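[1] What follows is a protein structure lacking sequence information:
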């Protein structure tokens with residue numbers, strides 16, 4: 001299955017409050033810092049990703 005991608009301002013509060021996806025992996029791109037992403041799997045595991053630009 002494809003992942004769901006959103007673009008939001010990543011903050012500590014957002015990361016703590018975000019709901020765990022039920023079927024697909026969610027990827028949240030930071031609105032301010034290009035290359036910064038958060039990936040959340042259906043198991044609840046959260047991974048921070050940083051791509052050098």
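    Yep, it's here. Source: prediction; values computed, not measured.
[2] Quick one: neighbours of residue 48, just the number.
    10 (other C-beta atoms under 10 Å). Bear in mind the C-beta positions are built from the backbone N, C-alpha and C, glycine included.
[3] er, residue 22 actually
    Residue 22: 6 surrounding residues under other C-beta under 10 Å.
[4] With the one 4 residues further on instead?
    In terms of burial, residue 26 registers 18 neighbours under the definition other C-beta under 10 Å.
[5] list the contacts for residue 24?
    Listed by C-beta atoms under 8 Å, 6 or more residues apart in numbering, the contact partners of residue 24 are 1, 2, 3, 4, 42.
[6] In those, find the pair that's most separated.
    Distances among the contacts of residue 24 were taken as C-beta to C-beta; the most separated pair is 2 and 42, at 13.1 Å.
[7] ok, the two, which is more surrounded?
    residue 42 (13 against 6).
[8] Verify the stated contact: that one with residue 19.
    No: the criterion here is C-beta atoms under 8 Å, and residue 42 misses it with residue 19 at 11.2 Å.
[9] Let me know the next secondary structure element after the helix-or-strand element of the chain with minimal mean pLDDT.
    Within the chain, no helix or strand scores below strand 4-8, which has a mean of 90 by mean pLDDT, DSSP states H and E. Next in sequence after strand 4-8, counting helices and strands by DSSP states H and E, comes helix 12-17.
[10] and the following helix or strand past that following helix with strand 4-8, angle?
    Note on helix 12-17: by DSSP H and E, the next helix or strand toward the C-terminus is strand 26-30. Orientation note: strand 26-30 sits at an angle of 20 degrees relative to strand 4-8 (axes from the mean of the first three to the mean of the last three C-alpha atoms, to 10 degrees).
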